[in-house]
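Student: Starting from these lines, generate the structure:
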Amino acid sequence: MEFAAAPTLAGTRVTLEPLDPGHAAELSIAVADGELWRTWYTAVPRPEVMATEIDRRLALAASGQMMPWGIRSASTGAMVGMTTFMHPSPDQQRLEIGSTWLGKGAQGTGANREAKLLLLGYAFEELDCIAVEFRTHWHNRQSRAAIAALGAKQDGVLRSHSVGPEGAVRDTVVFSIIAAEWPAVRLGLREGLARHAALAETPGA
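Tutor: Numbering: from 1, shown residues only. As a prediction, this is how the structure comes out:
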């Protein structure tokens with residue numbers, strides 16, 4: 001298994017583009033939608049530090065610690081968020097999907113589900129991973145529910161795992177999907193996207 005630069009991954013709702021400094025202005029607009037950085041249990045960049053955050057992620061990519069993408073909406077053509085492969089381990093054939101956020105307007109549109117379908121497909125089918133991990137804050141109940149809805153199983157909780165910028169101690173919830181589960185997870189994600197599309201086309205829905 002070889003990890004290289006993040007490739008472009010295209011779906012019908014979103015395209016995941018290799019993160020680039022030129023995305024800073026669009027992503028600053030996207031993150032301002034809903035003021036996502038104000039939620040205390042998340043680590044979402046503020047608009048004014050977006051360029052710095054992109055540079056940080058690209059530096060991690062250069063050192064082999066991350067594969068970062070910008071998320072572009074197919075319907076509007078605008079950047080709506082960011083996502084990454086974190087802590088890639090070619091020797092252990094595993095990685096983590098994380099550091100993800102979507103502007104409020106893109107939430108509930110199927111963008112997150114399709115982005116995860118693209119990322120998981122690349123991880124299992126191209127990089128030959130045996131496991132993909134997800135981690136989130138114990139208090140981020142929305143994120144925990146979304147990860148479970150993907151088909152990931154909770155592995156456990158890392159108690160007092162880290163300390164936040166304001167001194168709050170974080171309990172980290174760890175989920176994973178293993179290679180044997182991927183075919184069923186893939187079917188579930190595709191069916192969920194199909195249901196979402198059908199509902200969107202239903203008058204009065």
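
Student: What residues does the closest residue to Thr12 other than its chain neighbours make contact with?
Tutor: For Thr12, the nearest residue in space outside its immediate sequence neighbours is Ala74; the separation is 6.2 Å by CB to CB, 6 or more residues apart in numbering. Heads up, the C-betas are built off the backbone N, CA and C, glycines and all. By CB atoms under 8 Å, 6 or more residues apart in numbering, the residues touching Ala74 are 11-15.

Student: Quick one: buried ones out of those residues?
Tutor: Of the members of the contacts of Ala74, the ones counted as buried by neighbours, 16 or more other CB atoms under 10 Å, are 11, 13-15.

Student: quick one: low-confidence parts of this protein?
Tutor: In the predicted model, the chain carries pLDDT under 70 at residues 1-2, 200-205.

Student: just the helices in the protein please.
Tutor: Assigned by DSSP state H, the helices in the chain fall at 24-32, 50-62, 111-121, 141-150, 182-201.

Student: Relative to Ala168, which of these is closest?
Tutor: Of all these, the one in closest proximity to Ala168, counting by CB to CB, is helix 141-150 (15.9 Å).

Student: Quick one: the contacts of Ala74 as JSON lines, columns for distance to Thr83 too.
Tutor: Written out in JSON lines, the entries for these read as follows (distance: CB to CB, whole Å):
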{"residue": "Gly11", "distance to Thr83": "13"}
{"residue": "Thr12", "distance to Thr83": "17"}
{"residue": "Arg13", "distance to Thr83": "14"}
{"residue": "Val14", "distance to Thr83": "10"}
{"residue": "Thr15", "distance to Thr83": "12"}
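
Student: And the buried ones among the contacts of Ala74, which two are furthest apart?
Tutor: Greatest spacing in the buried ones among the contacts of Ala74, by CB to CB: Arg13 and Thr15 (8.9 Å).

Student: Need the distance between the two termini of stretch 38-50.
Tutor: Distances were taken as CA to CA, to the nearest Å; on that basis the terminal residues of stretch 38-50 are 15 Å apart.

Student: list the buried ones in it?
Tutor: By neighbour count, and taking 16+ other CB under 10 Å as the criterion, the buried residues in stretch 38-50 are 44-45, 47, 50.

Student: do the same with stretch 61-72
Tutor: 61, 66-72.

Student: Which one of those is nearest to Arg94?
Tutor: The shortest gap between Arg94 and any of the buried residues of stretch 61-72 belongs to Met67, at 13.4 Å (CB to CB).

Student: how about the nearest residue to Pro18, chain neighbours excluded?
Tutor: The shortest distance from Pro18 to any residue other than its chain neighbours is 4.5 Å, reached at Ala6 (CB to CB, 6+ apart).

Student: one step back: quick check, nearest of the buried residues of stretch 38-50 to His23?
Tutor: Taking CB to CB as the measure, His23 sits nearest to Met50 out of those, at 8.4 Å.

Student: list the contacts for that closest one?
Tutor: By CB under 8 Å, 6+ apart, the contact list for Met50 reads 24, 27-28, 31.
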